[in-house]
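Q: Okay, structure incoming, though there's no sequence with it:
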């Protein structure tokens, strides 16, 4: 009786509140509420968040665990999604689709279904789309890049098909591409309010011809290019960027902008490199020094010291030009050094940085917590006693 009265009270809540409540449930559990009453059935049929993620597919596979072939389980899952979308009424604000471990052939054989789903969703006022496939198993239809209501888009493991007509995403503020292969896109994609753009393990991003005049944050992680001498799109407007996060790909980025010949307005730079920053990019400056020269307005710098683990001590002498690069920057106040293990190369690198930048006020050194070697009191004190160019510098060891 108590549950009945509580259920009745909940049922009397406004439809948008009920929709919000169901949004916290896995979609298979949200579907079960349709059996409670006609009110809940209407809410379910107009659910604004459709989340077909790992939990949904695992639920379907468990329910049909006696199916002989894995492909049959996939077919049942796709049938359920088809039915949900066909019966759906009203707006879909968020659409999540995560299909993995089914094989490239199985995905490509059902591409028509996926195309139809995205065509439907982009006509229902969708604001967020998160799609994940096995790498390059699915070619994304162009309707996604002309959805006027879309605000956030996250794509994983897809290929972008060529588009020969202008595309515009007037409301998108965040774009994230992961394991995406960009083919020749023959038109510009206009994203006038885009603020955050991420390329993670992508290929041929120079083909992604995007115009984003309000871009604030750019992340590039371990991207590759088949085009000789090409890395970023020539139309990608970077003068507005205030936050730049580079994980690998640093040499390619520096080479690209050294060739272009203009400076960036980056205020926050994050570097996590798999290649050595000390490697000379020309006869006088290292990759790191060149990057600092590109960012004269830099105020905050984070560097993961992972790359120093394979660097011989004698190679650190090539960082002597850091002092020259530092003369162009009078705004760097905060420095964060991550994954410190206490090696001689790391200490020498930190020493050169602290001696170069005269405006530093805060230096945070984060120790590698997974490193089994104990940090001696002597190493910690040695860091605290390093000579610094600024009398205002405070060193914190975490």
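A: Perfect, thanks for sending it. Because the structure is a prediction, the values reported are computed rather than measured. Residues are numbered from 1 along each chain as shown.
Q: Residue 199 and residue 101, how far apart?
A: 24 Å (C-beta to C-beta, to the nearest Å). The C-beta positions use only the backbone N, C-alpha and C, and glycine is treated the same way.
Q: Those two: which has the busier surroundings?
A: In this view residue 199 and residue 101 are compared by other C-beta atoms under 10 Å, and residue 199 has more residues nearby, 22 against 10.
Q: For beta bridges, what are the partners of the more buried one?
A: residue 177, residue 220 (DSSP bridges).
Q: Surely it and residue 207 touch.
A: No - if you go by C-beta atoms under 8 Å, residue 199 and residue 207 don't touch, sitting 11.5 Å apart.
Q: all helices for the stretch 251-398 of the chain, in order.
A: For the stretch 251-398 of the chain, applying DSSP state H, counting those that start in this stretch gives helices covering 287-294, 322-326, 344-356, 377-384.
Q: buried set for stretch 299-306?
A: Using 16 or more other C-beta atoms under 10 Å as the test for burial, stretch 299-306 gives 299, 300, 301, 302, 303, 304, 305.
Q: so the fifth one bridges to which residues?
A: Per DSSP bridges, residues listed as beta-bridge partners of residue 303: residue 271, residue 337.
Q: how close does residue 76 get to residue 64?
A: For residue 76, the distance to residue 64 (C-beta to C-beta) stands at 5 Å.
Q: Adjacent strands (with direction) for the helix or strand harbouring residue 95?
A: If you go by DSSP states H and E, residue 95 is part of strand 94-98. Strand 94-98 pairs in its sheet with strand 49-52 (parallel), strand 128-132 (parallel), by DSSP bridges.
Q: Would you format these as TSV with mean pLDDT included?
A: Listed next are these as TSV, based on pLDDT from 0 to 100:
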stretch	mean pLDDT
strand 49-52	88
strand 128-132	95
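Q: Single out the most deeply packed of those strands.
A: With neighbours taken as mean count of other C-beta atoms under 10 Å, the strands paired with strand 94-98 reach their highest mean count in strand 49-52, at a mean of 21.
Q: list the helices and strands the next helix or strand after that one packs on?
A: Downstream of strand 49-52, the first helix or strand assigned by DSSP H and E is helix 54-63. If you count contacts as 3 or more C-beta pairs under 8 Å, 6 or more residues apart in numbering; DSSP states H and E, helix 54-63 packs onto helix 27-32, helix 70-87.
Q: Now for residue 87, how many residues are close by?
A: For residue 87, using other C-beta under 10 Å, the count is 10.
Q: Check the residue lying closest to it once chain neighbours are set aside and give its pLDDT.
A: Leaving aside its sequence neighbours, residue 87 sits nearest to residue 45 (C-beta to C-beta, 6 or more residues apart in numbering; 5.9 Å). Predicted confidence (pLDDT) for residue 45: 74.
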